[in-house]
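Trainee: Prediction below, plus the sequence it came from.
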Amino acid sequence: MNNLEHFIRLNREQFDSEEPPEGHCERFSDRLEELHRGTGRNRNVRLWLKVAAGFLIFITAGLAILELTTGGLTRAKEGRFASDALPSDIREAILYYQQRTDQRLREIDQLALNCPDASQSEKLRREELALLNQNLDDLLVACRENPGNSRIQAALVQNYQAQESLLDSYLLAATFENCKTKK
């Protein structure tokens, strides 16, 4: 920088007195236009890239929220039973009963839509299922603490059998209520 400053100070008179060569303004304008045209395209590309990135962020956030509210909860529920501490036959039994439980819940919910007096039995069913699920959580904690305990593993399966039995009785009652209201 010192060399440039020194050169400018030595030749200051030439900078102050001399006019730019002829056609300089036109060449300068042409270069500016060329620069702006290139920047315009770059701006358009950058704008589209920003829009695309924003769109991807929006979609990713939406999918993350959807995963957390729907699939993630189901997968987390399945994942807690797919522990390596459980033998494969116990895991298979648990997943089998879990699928049957989910199927029964869907059937009961569908029947409850048609039953006008379902709110009281629905509340009772939810409370009993919540109690069974709390017991299930306690059993899973115990299973993680004692991985080879066959009594705890059997209790896990029995808990699911109790859930299925409970849901079968509610399904039967809901079907009966549904048939009674249609007559």
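Mentor: Cool, got the structure.

Trainee: where does the protein dip in pLDDT?
Mentor: 1, 38-42, 71-85, 112-122, 174-183 (pLDDT under 70).

Trainee: at 90 what do you get?
Mentor: Residue ranges of the chain with pLDDT under 90: 1-50, 58-183.

Trainee: domain assignment for it?
Mentor: The chain breaks down into these domains under automatic domain parsing: 1-75, 82-182.

Trainee: mind giving me TSV with those and columns for mean neighbour count?
Mentor: For every residue, glycine as well, the C-beta is placed using N, CA and C. Shown next, in TSV, are the domains of the chain (neighbours: other Cβ atoms under 10 Å):
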stretch	mean neighbour count
domain 1-75	10
domain 82-182	15
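
Trainee: Tell me how far the residue nearest to residue 8 when sequence neighbours are not counted lies from residue 3.
Mentor: Closest residue in space to residue 8, ignoring its immediate chain neighbours: residue 15 at 6.8 Å, by Cβ to Cβ, 6 or more residues apart in numbering. The gap separating residue 15 from residue 3 is 16 Å, by Cβ to Cβ, to the nearest Å.

Trainee: cool, residue 151 as well?
Mentor: Distance from residue 151 to residue 3, by Cβ to Cβ: 89 Å.

Trainee: Same question for residue 46.
Mentor: 37 Å.

Trainee: can you check residue 161 too?
Mentor: Taking Cβ to Cβ, one finds residue 161 at 90 Å from residue 3.

Trainee: ok, now residue 50?
Mentor: Taken as Cβ to Cβ, the span from residue 50 to residue 3 is 42 Å.
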